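Q: build me a model:
(one chain, ligands or ions: 2)
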Amino acid sequence: MIRVGIIGVGTVGQSVANILQKNKALISARAGKEISVVKGAVRDLRMERKVDIPLTDNVDEILDDESIDIVVELMGGIDRPYEIFKKALSRGKAVVTANKALLAYHRFDLQQIAGDIPIGYEASVAGGIPIINALKVGLSANEITAIKGIMNGTCNYMLTRMIDEGVGYDEVLAEAQKLGYAEADPTFDVGGFDAAHKLLILASIAYGIDAKPEDILIEGIENVNQDDIDFAREFGYSIKLLAIAKKIDGKIELRVHPVLIRKEQMIAKIDGVMNGISVIGDCVGETLYYGPGAGGDATASAVIADIVEIVRAGQSSPMLGFKKPFQSESLTLLPKEEIQSEYFLRMLVKDAPGVLASIAQVLGENGISIETFLQRPSENVTKATLLCATHRCREKDIVKAIAEIENLPDTGAKVAMIRIEE
Ligand code: NAP
Ligand code: HSE
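A: Residues are numbered from 1 along each chain as shown. Ligands and ions are numbered 1, 2, ... in the order given. Next up is the predicted model:
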């Protein structure tokens, strides 16, 4: 029998314990051995939980128990789980986690520390979708040219409800929290950080690149408002929070931000808590992975898949999929200022002669070519809303142009910007 200890018996931990119980015979048959959760650790023993396993509030009761083979870390956070990981590994225990925040910072050193001891982290990216296994195993023959995906269920759920039903931002965030989709601190979701953590994990498997969240472009959905949604609807776009990795001329571009994306594109049709990830390989072409990106049972499905794999094979290293460093080329991160995109700008300006021309001049001086320019009347008759889409240009040029436009005498208000993904 394989004995499992779960550290963190919350939304995901409870589902893991219950599914291992409910599908015990099937899972044991697949793994070749019976799998039993012998203990769970929580912070507050007084809280009511829908599980039938012995609980403790002392994590060491799991880590010091020599009979426990696999530690499942589902508590969240970074520093404390890092210590727990190291202690479990030092005792030869395999570890399974859904903790992308931890792996965004510590995946390479944990791989080093683990050596041949298995670490499973399928649940850390896109909830129930087996994307880690797809990249690590299924696509291992390929040079990965791009990964593009909706990787945060909370944001996708929120944007879908805001766009389709006009529900307000605060109300829909509270719904996502109630449904168990959001992180303990939901600013990780809405600020784009959670999607960035997942992107960094995938980029390590695809490219062997060790980047940290601070190194890459991250913007969340906090500033997406009804004006942007109305514009998107009118011009045939949807708005999605996308995580993008691309290999361009030996450099790796990594970024997370809201995008305007044509409604007909597959990824634009992925709604609600669902995640969708497109991976392009040089041999296989484009592959697409779709499924629930958050929620207790969906995430537990991926956690248990790792447990089964460890029990079956006894060995799943190397954790990030490279047996030795890939030396035929050394990939580096493209500086965020050099990223190129098309941009949509929205400005509320004074409705006066020469205003539009002064904005066009700033864009031109910064080497930015205009694709479309529209003027809309505003409720305030002295003002007008200007909508502008640019051709492809560099991030540093658009950022500089926006600052200059905001300083023009007749603009004043903040310029809203969303990148366009074609
Ligand atoms: P959660 O509902 O907040 O559960 C966290 C659990 O950890 C709780 O049982 C909590 O105890 C326990 N805990 C926290 N600190 C502890 C400590 N110091 N010692 C012992 N126990 C401690 O979180 P969750 O949604 O299940 O998420 C767990 C992990 O899975 C996170 O890393 C998250 O990012 C990841 N994840 C979540 C989802 C999802 O949809 N929810 C999907 C993919 C990945 P108390 O209950 O006593 O407070
Ligand atoms: N908070 C995360 C999300 C959980 O909404 O996608 C899944 O990783």
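Q: on the three-state scheme, the spatially most central residue of the chain is what?
A: When the chain is reduced to its mean C-alpha position, the nearest residue by CA atoms, centre = their mean turns out to be residue 195, at 1.9 Å. Of the three states, residue 195 takes helix according to DSSP: H, G, I helix; E, B strand; the rest coil.
Q: contact partners for it?
A: Applying CB atoms under 8 Å, 6 or more residues apart in numbering, we find residue 195 in contact with 151, 152, 155, 241, 243, 256. Bear in mind the C-beta positions are built from the backbone N, C-alpha and C, glycine included.
Q: now do the SS call for the nearest residue to the fifth one once chain neighbours are set aside.
A: Counting by CB to CB, 6 or more residues apart in numbering, residue 199 is the residue found nearest to residue 243 once chain neighbours are left out, at 4.0 Å. For residue 199, the reduced secondary structure class is helix; criterion used: three-state DSSP.
Q: distance check, residue 199 against residue 374.
A: 33 Å (CB to CB, to the nearest Å).
Q: so for these two, which residue has more residues nearby?
A: Residue environment comparison for residue 199 versus residue 374 gives the larger neighbour count to residue 199, 30 against 13, counting by other CB atoms under 10 Å.
Q: what pLDDT does that one get?
A: Model confidence at residue 199, expressed as pLDDT, equals 98.
Q: what is the nearest of the contacts of residue 195 to ligand 2?
A: The nearest member of the contacts of residue 195 to ligand 2, counting by CB to the nearest ligand atom, is residue 152 at 4.2 Å.
Q: please save the CA atoms from the helix or strand that contains residue 161 in PDB.
A: Residue 161 belongs to helix 153-165 when elements are defined using DSSP states H and E. This file holds the C-alpha atoms of helix 153-165, laid out as PDB (Å, rounded to 0.1, in the frame of the first residue of the first chain):
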ATOM      1  CA  GLY A 153      -9.800  30.400 -14.700                       C
ATOM      2  CA  THR A 154     -10.800  33.200 -12.300                       C
ATOM      3  CA  CYS A 155     -10.000  35.900 -14.900                       C
ATOM      4  CA  ASN A 156     -11.600  34.000 -17.700                       C
ATOM      5  CA  TYR A 157     -14.700  33.500 -15.600                       C
ATOM      6  CA  MET A 158     -14.800  37.100 -14.700                       C
ATOM      7  CA  LEU A 159     -14.200  38.500 -18.200                       C
ATOM      8  CA  THR A 160     -16.900  36.100 -19.700                       C
ATOM      9  CA  ARG A 161     -19.500  37.200 -17.100                       C
ATOM     10  CA  MET A 162     -18.600  40.900 -17.500                       C
ATOM     11  CA  ILE A 163     -18.800  40.700 -21.400                       C
ATOM     12  CA  ASP A 164     -21.700  38.400 -21.800                       C
ATOM     13  CA  GLU A 165     -23.900  39.500 -18.900                       C
END
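Q: how about it and ligand 1, touching?
A: No. Contact between helix 153-165 and ligand 1, assessed by CB under 6 Å from any ligand atom, is absent, since the two come no nearer than 6.7 Å.
Q: just the buried positions in that helix, please.
A: When neighbours are counted by 16 or more other CB atoms under 10 Å, the buried residues of helix 153-165 are found to be 153, 154, 155, 156, 157, 158, 159, 160, 161, 162, 163.
Q: restrict those to those near ligand 2?
A: Among those, the residues within reach of ligand 2 (CB under 6 Å from any ligand atom) are 153, 154.
Q: would you reformat the buried residues of helix 153-165 as TSV and include pLDDT?
A: Formatted as TSV, the buried residues of helix 153-165 follow (pLDDT from 0 to 100):
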residue	pLDDT
153	96
154	97
155	98
156	98
157	97
158	97
159	97
160	97
161	96
162	95
163	94
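Q: which of the helices or strands spans the residue of the chain positioned farthest from its centre?
A: Of all residues in the chain, residue 353 has its C-alpha farthest from the mean position, at 44.9 Å, by CA atoms, centre = their mean. In the assignment (DSSP H and E), residue 353 maps to no helix and no strand.
Q: just say helix, strand or coil for residue 403.
A: Applying three-state DSSP to residue 403 yields a three-state assignment of helix.
Q: so for it, what's the pLDDT?
A: What the model reports for residue 403 is a pLDDT of 95.
Q: what residues does it make contact with?
A: With CB under 8 Å, 6+ apart as the criterion, no residue contacts residue 403.
Q: where are the low-confidence patches of this structure?
A: Applying pLDDT under 70 to the chain flags the ranges 315-316, 327-329, 412.
Q: what does it have sitting close to ligand 2?
A: Applying CB under 6 Å from any ligand atom, one finds that the chain approaches ligand 2 through 127, 152, 153, 154, 181, 182, 183, 189, 194, 293, 294.
Q: confirm that residue 203 sits in a helix.
A: Yes. Secondary structure assignment (three-state DSSP) places residue 203 inside a helix.
Q: out of the buried residues of helix 153-165, who's nearest residue 76?
A: residue 154 (14.2 Å; CB to CB).
Q: now the residue of the stretch 251-400 of the chain found nearest ligand 2: closest residue in space, sequence neighbours ignored.
A: Ranking the residues of the stretch 251-400 of the chain by distance to ligand 2 (CB to the nearest ligand atom) places residue 294 first, at 3.7 Å. The shortest distance from residue 294 to any non-neighbouring residue, by CB to CB, 6+ apart, is to residue 153 (3.3 Å).
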